[in-house]
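Asks: output the structure for:
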Amino acid sequence: MTLEELINWYLKLPEVQSKKSFKRDVQLLTSVQRLIGGQILIKDLNIGIMDGYATRRVKEDFPNKKGKKISPATVNKERMQLNTALNRAVNHGKLDQNPLLGKIKKLNEDNVRERVLSEDEFEILLENLQSPLKEITLVAYYLAMRQKEILQLQWGQVDLDKKIIRLKGEDTKTGFKRRIPIHPRVLEMLQSLEMNKEEKHVFLKNGKPIKIFSGNFKRLWDLAVKKSGLGDFTFHDLRHCAINNLRLAGNDHFTIMSISGHKTTSVFKRYNVITEEELRSVRWR
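Replies: Modelled structure (predicted):
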């Protein structure tokens, strides 16, 4: 079996195509095949080839991000996605063994984002945003919901009386249902929105659901960030802000993880940023 044959077989599996991350899986494996070559035989894959792949890949420019190179985290995901495909082929009897099993060592990843907004910075950002992006940002900052979860939010999931949002497993990235308490400021905003009888979605643009954040929404976001003087601040960083603020408010980690949907402590820790202000206020004996 060649690498190209493996990837084509793997991506045609129904259980793979049904994954929420299917498009991302395609991107990861496309990069692997492009650099290693689709005609290499699986039996000839070895750790030297994979290390060489990593060395070349981190030198490539990041698409649509001028001056940035491919990150070690991306390379790790690409190589581990190939490892996943190899393991799946072994499980299906397509291969006798995975030649890379237990041999790929991850590159060091120093990609933990440490940018959280102060209250003043957040208010400035809101002033530079227009509806519905302004309301969407408000939800992300206070409720730690993922971008896709917010865009797909429907009124049937929102209980204004009990002040809680209920997401089913199929609505979340992890596949597990979540209950998210609604912050008073978000509650006030939701109560002020007019429900469109013809649309179930909460956030609409010109009366229609917002399918993706990219394109015009991304352009408006980048413009608002620039006007607000926030530097390198992404929409996903709002999730960091929400989780950090929940911690600073005194909520225990189990409660916060239940709200954010994190299943492992290791990933959850990446979203908690100890600021210099907190360090300066440390207590001594």
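
Asks: buried residues in the helix of greatest length in the chain?
Replies: The helix that spans the most residues within the chain, counting by DSSP state H, is helix 72-91. Neighbour counts over helix 72-91 (16 or more other Cβ atoms under 10 Å) mark 72, 74-79, 81-86, 88-89 as buried. (Each C-beta comes from the backbone N, C-alpha and C, glycine too.)

Asks: from those residues, which single one is nearest Asp61?
Replies: Nearest to Asp61 among these, counting by Cβ to Cβ, is Thr74 at 12.1 Å.

Asks: element containing the residue lying closest to Lys263 once chain neighbours are set aside?
Replies: Closest residue in space to Lys263, ignoring its immediate chain neighbours: Thr174 at 5.9 Å, by Cβ to Cβ, 6 or more residues apart in numbering. When elements are assigned from DSSP states H and E, Thr174 belongs to no helix and no strand.

Asks: give me the number of residues near Thr174?
Replies: Using other Cβ atoms under 10 Å, Thr174 is surrounded by 12 other residues.

Asks: about what we covered before: ok, residues contacting the longest helix of the chain?
Replies: Helix 72-91 is contacted from outside by 1, 6-7, 9-10, 13, 16, 25, 28-29, 31-32, 42, 50, 53-54, 57-58, 95-101, 104, 106-111, using Cβ atoms under 8 Å, 6 or more residues apart in numbering.

Asks: state the distance from Thr174 to Met145.
Replies: Separation of Thr174 from Met145 (Cβ to Cβ, to the nearest Å): 13 Å.

Asks: which residues in the stretch 101-250 of the chain form helices?
Replies: 119-127, 133-143, 147-151, 184-192, 216-227, 237-248 (DSSP state H, counting those that start in this stretch).

Asks: which of these sits closest to Lys168?
Replies: Closest of the helices of the stretch 101-250 of the chain to Lys168 is helix 147-151, at 11.0 Å (criterion: Cβ to Cβ).

Asks: show me how far the closest one is from its chain's centre.
Replies: Relative to its chain's centre, helix 147-151 lies at 11 Å (Cα atoms, centre = their mean, to the nearest Å).

Asks: and Val186, how far from Leu160?
Replies: 11 Å.

Asks: got a list of what Leu151 touches?
Replies: Contact analysis of Leu151 by Cβ under 8 Å, 6+ apart lists 136, 203, 209-213.

Asks: quick check, nearest of the residues you listed to Ile256?
Replies: Closest approach between these and Ile256, by Cβ to Cβ: Ile136, at 21.3 Å.

Asks: give the contact list for that closest one.
Replies: Ile136 sits next to 150-151, 203, 210 when contact means Cβ under 8 Å, 6+ apart.

Asks: likewise for Met145?
Replies: Each residue near Met145 by Cβ under 8 Å, 6+ apart is listed here: 139, 153, 165, 180, 239.

Asks: again, 7 Å this time
Replies: Neighbouring residues of Met145 by Cβ atoms under 7 Å, 6 or more residues apart in numbering: 139, 180.

Asks: hmm, back to that, with pLDDT and distance to Thr255 as added columns, please give the contacts of Leu151 in JSON lines.
Replies: Shown next, in JSON lines, are the contacts of Leu151 (pLDDT from 0 to 100; distance: Cβ to Cβ, whole Å):
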{"residue": "Ile136", "pLDDT": "97", "distance to Thr255": "24"}
{"residue": "Phe203", "pLDDT": "94", "distance to Thr255": "26"}
{"residue": "Pro209", "pLDDT": "90", "distance to Thr255": "31"}
{"residue": "Ile210", "pLDDT": "90", "distance to Thr255": "30"}
{"residue": "Lys211", "pLDDT": "86", "distance to Thr255": "32"}
{"residue": "Ile212", "pLDDT": "86", "distance to Thr255": "31"}
{"residue": "Phe213", "pLDDT": "85", "distance to Thr255": "28"}
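
Asks: who wins for neighbours among the residues you listed?
Replies: In the contacts of Leu151, the most neighbours by other Cβ under 10 Å go to Ile136, 24 neighbours.

Asks: which one of Val186 and Leu160 has more residues nearby?
Replies: Taking other Cβ under 10 Å, Val186 and Leu160 do not tie; Val186 has more neighbours (21 against 12).

Asks: so who does that one touch?
Replies: Shown in contact with Val186 (Cβ under 7 Å, 6+ apart): 138-139, 142-143.
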